[in-house]
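**Student:** The following comprises the amino acid sequence and a computationally predicted model.
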Amino acid sequence: MKIFIIQIIISTVVLAQSVDFNSPENIKLFADYLFCDHDYLRAIDEYEKYLNFFDNDTIRFKIALAFSLMDEHTNALKNFNKLSEASQLYQLSQIEELKSFFKLKLFPQLSSKVSEIHNLKSEYSLSADKILSISYLLNNYSIPAEKLFLAPFNDQEKPIVQNFYLRKTNPDYKSEILAGVYSAIIPGLGKIYTENYSDGITAFLITGIFSYLAYTNFEHRHLTRAWIFTVAGAGFYAGNIYGSVASAQIFNVKINFDFINDVNSFIEAKNYFIPEYDFCK
Amino acid sequence: MIINKLKLLLLIFLFSIIAHSQTDWVRWEKSDPDYKIPSETIKRQYDLSIQSIGDVVLKPVINAYWFFISDVDGDNCPFYPSCSSFLFTSIKQTNIFQGTLMFFDRFTRDTNIFERSSHYPFYGKHHFYDPVYLYTLDEDLIKIIPAGTQVKKIK
């Protein structure tokens, strides 16, 4: 029995030393596993170890893609640039660079990259045009005409993108001056105009109550109280006008905020018009 | 022989579990629990240093309000910062006239008897987040935080 146990232990120890975990094949296997497990930082380290043995464009692409998936787009761009033009993944790397430029809000560079992609006669030219069109929604450069803007999109995408185009060219802003004027005429109306209904009604009630109290106290010759209520009422009236102007401003900023969020959600859902990869299938 | 060895092993095993299960070697003492809800508002700045003309009137009035009324009344404002802190901060960031208008507007919103949770983000467990920078009429300062979002506490 003792000899049997010793034999098992010795054979286990002997066999344990025969697997070379630092071989290039095993490094690549481990790196692929980490990549598919979304552990991109460690996957990058392992892929870089592999590159010390063999120069491989797919591995370089995966390193750059891992940086992009971690939202480190500056590093992603550096690594995508390292791919050679002869590589099979070169055209894909160009479109991934577009995504990085978009995320970094480098719109002039995005525009010149689209021109490069067209010059290459890439199969991803249409995707590049779509990203360029969407980028016009998020920058302050002049947006092209509607027909030209919508041209790259298919029938499913056109209604959504057209809606974005209309929201960009004709945003549903509220006039701050008009909000102030409305509140000056009827307290609280400016806030109702900017869709703050409850605040508008409250402003109307408060100003109304203090005005009524001031009036009745003046009528009954309680001058001290009357003046206190007058000052308070005047303060709330002026504050309501100010608040309506501020409310209109906040409303307009919120319109822009919601628009940018909606556009980003749309392009994220479309994966930046980049085809899905089969590295992990 | 084997049965005796097993009994010995079991005894050693039980002894080690019992020895390690008692982790609190400190004698229990009477504690004084504090049931007060911790205040989530920033600490009061009671200094009377004069940095502008407005401070001559503003600081004594606000300090007196905080000391005699607000600290006695407790943390009752539904907003963060509280209305008095809002007045203080708005006058510091703008001027006494604009700050006063901002305060009257804030007070109107404070007395709003209707639903507020659909308009404001949350600060801590009991307050709505309504900072001064939204109302200074400077568009560049406005940062939209969606309603219902939990805002991190400012230390």
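**Tutor:** Right, received. Where do you want to start?
**Student:** which bits of chain B sit near chain A?
**Tutor:** Contact residues (CB under 8 Å from any CB of the partner chain) of chain B with chain A: B:98, B:100-105, B:107-109, B:111-116, B:119, B:134-135, B:137, B:139, B:142, B:144. (C-beta placed from N, C-alpha, C; glycine too.)
**Student:** Helices - which of the residues you listed land there?
**Tutor:** B:98, B:100, B:101, B:102, B:103, B:104, B:105, B:107, B:108, B:109 (DSSP state H).
**Student:** The fifth one contacts residue B:90, doesn't it?
**Tutor:** Yes: when contacts are counted by CB atoms under 8 Å, residue B:103 is listed as touching residue B:90 (6.3 Å).
**Student:** Give me the common contacts of these two.
**Tutor:** Taking CB atoms under 8 Å, 6 or more residues apart in numbering or on different chains as the contact rule, residue B:103 and residue B:90 have no neighbour in common.
**Student:** And the pLDDT for the closest residue to residue A:243 other than its chain neighbours?
**Tutor:** The shortest distance from residue A:243 to any residue other than its chain neighbours is 3.3 Å, reached at residue B:105 (CB to CB, 6 or more residues apart in numbering or on different chains). Looking at residue B:105, its pLDDT is 95.
**Student:** same check, this time on residue A:149
**Tutor:** Reported pLDDT for residue A:149: 92.
**Student:** still on that earlier bit, please spell out the PyMOL selection for the buried subset of the ones in helices among the residues of chain B next to chain A.
**Tutor:** Under the burial definition 16 or more other CB atoms under 10 Å in any protein chain shown, those of those that qualify are selected in PyMOL by:
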select buried, chain B and resi 98+100+101+102+103+104+105+107+108+109
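**Student:** can I get the ones in helices among the residues of chain B next to chain A in CSV with distance to residue A:157?
**Tutor:** Output for these, formatted as CSV (distance: CB to CB, whole Å):
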residue, distance to residue A:157
B:98, 47
B:100, 51
B:101, 47
B:102, 45
B:103, 49
B:104, 49
B:105, 43
B:107, 48
B:108, 45
B:109, 41
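**Student:** Would you mind listing what in the stretch 151-281 of chain A touches chain B?
**Tutor:** Residues of the stretch 151-281 of chain A lying near chain B (CB under 8 Å from any CB): A:196-199, A:201-203, A:206, A:235-236, A:238-240, A:242-243, A:245-246, A:249-250, A:252-254, A:257.
**Student:** what's the single longest helix in chain B?
**Tutor:** In terms of residue count, the longest helix belonging to chain B (DSSP H) is helix B:2-21.
**Student:** Show me what the mean pLDDT comes to for the helix or strand following that one.
**Tutor:** Using DSSP states H and E, the next helix or strand after helix B:2-21 towards the C-terminus is helix B:53-65. Helix B:53-65 carries an average pLDDT of 81.
**Student:** Give the other helices and strands that helix B:53-65 contacts.
**Tutor:** Using 3 or more CB pairs under 8 Å, 6 or more residues apart in numbering or on different chains; DSSP states H and E, the elements in contact with helix B:53-65 are helix B:83-93, helix B:96-110.
**Student:** do you know which of those lies nearest residue A:74?
**Tutor:** Minimum separation from residue A:74 across the helices and strands packed on helix B:53-65 (CB to CB) falls at helix B:83-93, 35.4 Å.
**Student:** in that closest one, what counts as buried?
**Tutor:** B:83, B:84, B:85, B:86, B:87, B:88, B:89, B:90, B:91, B:92, B:93.
**Student:** Can you name the residues in contact with that helix?
**Tutor:** Helix B:83-93 is contacted by residues B:41-42, B:54, B:58, B:62, B:65-66, B:70, B:77, B:79, B:81, B:98-100, B:102-103, B:106-107, B:110, B:130, B:132-133, B:135-136 when judged by CB under 8 Å, 6+ apart.
**Student:** again, 6 Å this time
**Tutor:** Outside helix B:83-93, the residues that touch it by CB atoms under 6 Å, 6 or more residues apart in numbering or on different chains are B:54, B:58, B:62, B:65, B:77, B:99, B:102, B:103, B:106, B:110, B:132.
**Student:** Apart from its chain neighbours, what residue comes closest to the residue in chain B positioned nearest to chain A?
**Tutor:** Per CB to the nearest CB, residue B:104 is where chain B lies closest to chain A, at 2.6 Å. Leaving out its chain neighbours, the residue that sits closest to residue B:104 by CB to CB, 6+ apart is residue A:239, at 2.6 Å.
**Student:** And the residue of chain A that's closest to chain B?
**Tutor:** Per CB to the nearest CB, residue A:239 is where chain A lies closest to chain B, at 2.6 Å.
**Student:** tell me the SS of that residue?
**Tutor:** Classification of residue A:239 using DSSP: H, G, I helix; E, B strand; the rest coil returns helix.
**Student:** quick one: contacts for it?
**Tutor:** Contacts for residue A:239 (CB under 6 Å, 6+ apart) come out as B:101, B:104, B:105.
**Student:** pLDDT value on it, please?
**Tutor:** 96.
**Student:** Equivalent analysis for residue B:72, please.
**Tutor:** Model confidence at residue B:72 (pLDDT) stands at 79.
**Student:** where's it, which helix or strand?
**Tutor:** Judged by DSSP H and E, residue B:72 forms part of helix B:71-73.
**Student:** right, and the helix or strand after that helix?
**Tutor:** strand B:79-80.
**Student:** Give me the distance from that next one to the chain's centre.
**Tutor:** Distance of strand B:79-80 from the chain centroid (CA atoms, centre = their mean, to the nearest Å) equals 9 Å.
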